[in-house]
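Engineer: pasting the sequence and the predicted coordinates here, then a few questions.
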Amino acid sequence: MTDNGSVARTSPEPKRPGRRRRDNGTGDRPSTIRDVAVKAGVSVATVSRTLAGNYPVSEATRARVMAAVESLHYVVNVHAKALSGRVAGPIALVLQDITGPSLAHVAAGAEQEAAARGRLSLVCATHGDRDREDDLVQLMREQHAAAVVLVGGAVLDDAYHARMAEYARALDAAGSRLVLCGRPPLPSSLPVTVVDYDNRGGAFQAVDHLLGAGHRRILFLGGDPLMSSAEQRQSGHRQALRAHDVAYAEELDVPGSYTRVSGYQRTRAALAEGLDFTAIFAGTDMVATGALAALREAGLDVPGDVSLVGFDDVPFAADLTPALTTVRVPYEDLGRTAVRLALERENRLADDHVVLSTQLVIRQSVRSPK
């Protein structure tokens, strides 16, 4: 108001530039299926049947419904459909680490199989945290996942069996399926699918190849002996020694983590201690790359002075110098098989326990000792 009592006119504030909201005719609230029905001039049941695609409707009706869906920006409540059993649940992969080359290939195979079957795949990492694994399994149960695939080795003890049994029963009660991929199996009475690969046989092939080339002192860079996969590879190693009547040497069995750094450190320590060996069997290809670096640092030639065999056959194994002799694990097939068995289990078409074979791939890193 001015001093003389008149009302002063003010100019409207200029509009700020920004995105224009598209009006769906329902204010700020999300559109509902009832809004779509009103706009299309049909019943709610007709909209539901049209969107589900499981009931015949005329092309004219379908066109009106889809036009209303588009203009109202209606989004189907997928969670509600999952609760009613009208949409296929996703496949959940729970891994310890998604950056490792072997586990990444399992995930790739699972995703490919899930996509081919029209399923969404979810990938989660636990980083070795058991509480996080518990939380993820429970979350996937609540999200009505068709299957929860746990990938990677585990410590085989009573606590493991109890946790996995609880997972299996809880998921089964929710209409889901627990799949153990590369993990120790459970008793056959539990509702679980197991997809594994032949760790023991693969390790036997690797050591048998070295022994067949004439090596008798083989440094074994295994994994954590508490882990199931490491225990199986150690068993295959010892079985090959017995088959060739070669005595087991405890000082040559050096456990550790499956990393490049660990392979480097263990090989360097073995050389510093003056251990007598002419070959190395590395528990993984990553361990083998570390061992190769330590040998070269010490001025030793591979395979001229020391032969080397890995395990996994990750993509870079063939590109090392020399190309690495290793055990091929069908990681992508593991992922594909896990998804296939879980989904076919719904129709009672699949086995509950499958073990995939491993294969020795001979390249240039092994030679007879001097």
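Structural biologist: Now that the structure is in, tell me what you want to look at.
Engineer: okay, now Ala170: neighbour count?
Structural biologist: Neighbourhood size, Ala170 [other C-beta atoms under 10 Å]: 15. Placement of C-beta: from N, CA and C, glycine included.
Engineer: surely it is within a strand?
Structural biologist: No. Read with DSSP: H, G, I helix; E, B strand; the rest coil, Ala170 is helix and lies in no strand.
Engineer: once you drop chain neighbours, what's closest to it?
Structural biologist: Arg141 (5.9 Å; C-beta to C-beta, 6 or more residues apart in numbering).
Engineer: got a list of what that neighbour touches?
Structural biologist: Residues counted as contacts of Arg141 (C-beta atoms under 8 Å, 6 or more residues apart in numbering) are Val148, Ala170, Leu171, Ala174, Ser176.
Engineer: now the host helix or strand of it, how far from the chain's geometric center?
Structural biologist: According to DSSP states H and E, Arg141 maps onto helix 130-142. How far helix 130-142 lies from its chain's middle: 15 Å, per C-alpha atoms, centre = their mean, to the nearest Å.
Engineer: which one is Ala206 nearest to, not counting chain neighbours?
Structural biologist: Val309 (4.7 Å).
Engineer: before we move on, the earlier item: so which of the contacts of Arg141 is the most crowded?
Structural biologist: Neighbour counts for the contacts of Arg141 (other C-beta under 10 Å) peak at Val148, which has 30 neighbours.
Engineer: helix, strand or coil: sort out Val94 for me.
Structural biologist: Val94 ends up strand, using three-state DSSP.
Engineer: re earlier: where does the residue nearest to Ala170 land on pLDDT?
Structural biologist: Arg141 is assigned a pLDDT of 88 by the prediction.
Engineer: quick one: neighbours of Ala247, just the number.
Structural biologist: 7.
Engineer: show me what contacts it?
Structural biologist: For Ala247, the contact set (C-beta under 8 Å, 6+ apart) comprises Leu241.
Engineer: the closest residue to Arg119 other than its chain neighbours bridge partners, please.
Structural biologist: Nearest residue to Arg119 in three dimensions, chain neighbours excluded: Ile91, at 5.3 Å (C-beta to C-beta, 6+ apart). Residues in a beta bridge with Ile91, per DSSP bridges, are Ser121, Ala147.
Engineer: check contacts around Ile91.
Structural biologist: 110, 114, 119-122, 145-147, 149, 339, 342-343.
Engineer: could you rerun that using 6 Å?
Structural biologist: By C-beta atoms under 6 Å, 6 or more residues apart in numbering, the contact set of Ile91 is Ala114, Arg119, Ser121, Ala146, Ala147, Val339.
Engineer: tell me the pLDDT at it?
Structural biologist: So, for Ile91, pLDDT stands at 91.
Engineer: same deal with Val149?
Structural biologist: 95.
Engineer: doesn't it lie inside a helix?
Structural biologist: No. With three-state DSSP as the criterion, Val149 is located in strand rather than a helix.
Engineer: does it touch Val179 like I think?
Structural biologist: Yes. Judged on C-beta atoms under 6 Å, Val149 makes contact with Val179 at a distance of 4.3 Å.
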